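Engineer: A structural model of the following input is requested.
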Amino acid sequence: MNFRLSDEQREMSETVRRFARARGDSGARRVAFESETGHDAAFWRELMALGVGGVVLPERHGGLGLKLIDLALVAEALGYAAAPGPFLGHVLAGLAIDLCGDAAQKQRWLPALAAGEAIAAIAIAEAGDRCRPEASQIGVRNGALTGEKRDALFPELADVIVVATADGFALVEKGAAGMTFTPRDGADRTRRLSHIAFARTPAELMPTRAEAAIGDAALVLLAADAFGGASRCLDMAVEYAKTREQFGRPIGAFQGVKHQLANMAVDVEPARGLFWYAAYVFDAAPEERARMAAAAKAHIADVYMQAARLMIEIHGGVGYTWDHDAQIYFKRALFDFAYLGTPSRHRDRQAALAGWSARAHA
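Structural biologist: This is a model prediction of the structure:
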């Protein structure tokens, strides 16, 4: 079995990485981080022009017709740059419409999402620590949705919100009656969260049930983002250690710093294969999908947190300041660690799915 990337996959990944890093390092990341909304409309338009909005969407609807591994490579590249914006919710919502929607729903939304002409969001989590879409309890009755979803990404920007309900995924359009947003003051200001309250809000159910698959795709993309961020933390730490001098020598020449950098490299680089494989089995071996998604999210989110900590330690005092981007990556690591379930939660789920434990979390 060949686990190397194709030339096309490498080219797509490098194109997104170059764009996101160049725009992020030149100010887009910082501007979005410090803004009221966290959204840079110009950056988003340019990103969508690269085709990333339609990576996994069918070609007949304007997408590229690729697999989740290809989308995960894009997520890694964006994570490396700590790119701001609604990418995660947008692509998950598009995937949900593709897997669960009827022909009319797909025709209406997928071409616009693939082209970036519309923005989508997805609402999964609920009160009571329910963070799997198949565990949702709010329902649609007579075409109306009532209840609350928590911590949705950029729902105020969305032209359509895919909402996980007890009856399957439902579509709620922008400006629908009875829908209100409560912004959350989260640590990661590159990805803004809001609670959404629905009070007899018009909603259109999608006919096919594939909530678990979308939940697993979300974990894989979070793991990919975390790997990209951890890789950038390692690169930033190495570069700083080569240029920052103490006692007339670069700090990278000191044994203690060398050990820290070596530990980071040993933790980060082997994690690449884990998210690659988790993304690969999503399409190629669905029977392994849930377990590998849980494993990837649990392990790589931990790796990112540790890499971000060590990166800040190596930078010393400047790493703790608001003006340095180290704090942006640390806060993004916090997001990937906690969003849709912490590593300990997913390790329990992985163990249960493997038959090692009777414990499982929804």
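Engineer: low pLDDT regions in the stretch 1-150 of the chain?
Structural biologist: The model of the stretch 1-150 of the chain has pLDDT under 70 over residues 1-2.
Engineer: for it, what spans make up the strands?
Structural biologist: Taking DSSP state E, counting those that start in this stretch as the test, the strands found in the stretch 1-150 of the chain are 120-123, 139-141, 144-153.
Engineer: Point out the most buried one among those strands.
Structural biologist: Among those, ranked by average contacts under mean count of other Cβ atoms under 10 Å, first place goes to strand 120-123 (a mean of 28). Every C-beta, even on glycine, is put in place using the N, C-alpha and C of the backbone.
Engineer: Give me the contacts around it.
Structural biologist: The contact list for strand 120-123 (Cβ atoms under 8 Å, 6 or more residues apart in numbering) reads 86, 89-90, 92-94, 96-97, 109, 113, 149, 152-155, 157-164, 196, 214, 218.
Engineer: That one pairs with which strands, and in what direction?
Structural biologist: In the sheet, strand 120-123 lines up against strand 160-165 (parallel) (DSSP bridges).
Engineer: Just want the angle from the partner strand to strand 144-153.
Structural biologist: Per axes from the mean of the first three to the mean of the last three Cα atoms, to 10 degrees, the angle that strand 160-165 makes with strand 144-153 is 110 degrees.
Engineer: residues in contact with strand 160-165?
Structural biologist: Contacts of strand 160-165 (Cβ under 8 Å, 6+ apart): 92-93, 96-97, 109, 118, 120-124, 133-134, 136, 138-140, 145, 147, 149, 152, 155, 169-174, 196, 198, 203, 205, 211, 214.
Engineer: ditto for stretch 100-110
Structural biologist: The set of residues external to stretch 100-110 that reach it, using Cβ under 8 Å, 6+ apart, is 54, 57-58, 61-63, 94, 97-98, 118, 120, 160, 168-169, 171, 204, 206-210, 214.
Engineer: Which members of these are classed as buried?
Structural biologist: 54, 57, 61-63, 94, 97-98, 118, 120, 160, 168-169, 171, 204, 206, 210, 214 (16 or more other Cβ atoms under 10 Å).
Engineer: gap between residue 41 and residue 85?
Structural biologist: The gap separating residue 41 from residue 85 is 9 Å, by Cβ to Cβ, to the nearest Å.
Engineer: between these two, who's got more neighbours?
Structural biologist: Each of residue 41 and residue 85 has its neighbours counted (other Cβ atoms under 10 Å); residue 85 has more, 26 against 12.
Engineer: show me what contacts the closest residue to residue 56 other than its chain neighbours?
Structural biologist: Spatial nearest neighbour of residue 56, excluding adjacent residues (Cβ to Cβ, 6 or more residues apart in numbering): residue 71 at 5.1 Å. Contacts for residue 71 (Cβ under 8 Å, 6+ apart) come out as 52, 55-56, 91, 221, 279.
Engineer: 10 Å instead, please
Structural biologist: For residue 71, the contact set (Cβ atoms under 10 Å, 6 or more residues apart in numbering) comprises 52, 54-57, 64, 87, 91-92, 94-95, 217, 220-221, 224, 279, 282.
Engineer: cool, and residue 65?
Structural biologist: By Cβ under 10 Å, 6+ apart, the neighbours of residue 65 are 54-59.
Engineer: hey, where'd the helices end up in the stretch 1-150 of the chain?
Structural biologist: With DSSP state H, counting those that start in this stretch, the ranges of helices along the stretch 1-150 of the chain come out as 7-23, 29-34, 41-49, 68-80, 87-100, 103-115.
Engineer: can you put those in JSON lines and add distance to residue 237?
Structural biologist: Formatted as JSON lines, those follow (distance: least, Cβ to Cβ, whole Å):
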{"stretch": "helix 7-23", "distance to residue 237": "16"}
{"stretch": "helix 29-34", "distance to residue 237": "18"}
{"stretch": "helix 41-49", "distance to residue 237": "26"}
{"stretch": "helix 68-80", "distance to residue 237": "14"}
{"stretch": "helix 87-100", "distance to residue 237": "25"}
{"stretch": "helix 103-115", "distance to residue 237": "37"}
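Engineer: Nearest to residue 228 among these would be which one?
Structural biologist: Residue 228 lies closest, by Cβ to Cβ, to one member of the helices of the stretch 1-150 of the chain: helix 68-80, at 2.9 Å.
Engineer: so how far is residue 145 from the closest residue to residue 330 other than its chain neighbours?
Structural biologist: In space, and not counting its chain neighbours, residue 330 is closest to residue 308: 4.3 Å by Cβ to Cβ, 6+ apart. Distance, residue 308 to residue 145, by Cβ to Cβ: 38 Å.
Engineer: go on, residue 192?
Structural biologist: From residue 192 to residue 145 the distance is 22 Å (Cβ to Cβ).
Engineer: What of residue 279?
Structural biologist: Distance from residue 279 to residue 145, by Cβ to Cβ: 31 Å.
Engineer: re the thing from before, among the contacts of strand 120-123, name the buried ones.
Structural biologist: Buried subset of the contacts of strand 120-123 (neighbour count, 16+ other Cβ under 10 Å): 86, 89-90, 92-94, 96-97, 109, 113, 149, 152-155, 157-158, 160-164, 196, 214, 218.
Engineer: ok, back up a step: now tabulate the strands of the stretch 1-150 of the chain in CSV and tack on distance to residue 78.
Structural biologist: CSV is the format used below for the strands of the stretch 1-150 of the chain (distance: least, Cβ to Cβ, whole Å):
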stretch, distance to residue 78
strand 120-123, 16
strand 139-141, 33
strand 144-153, 13
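Engineer: so which of these comes closest to residue 33?
Structural biologist: With Cβ to Cβ as the criterion, residue 33 lies closest to strand 144-153 of the strands of the stretch 1-150 of the chain, at 15.2 Å.
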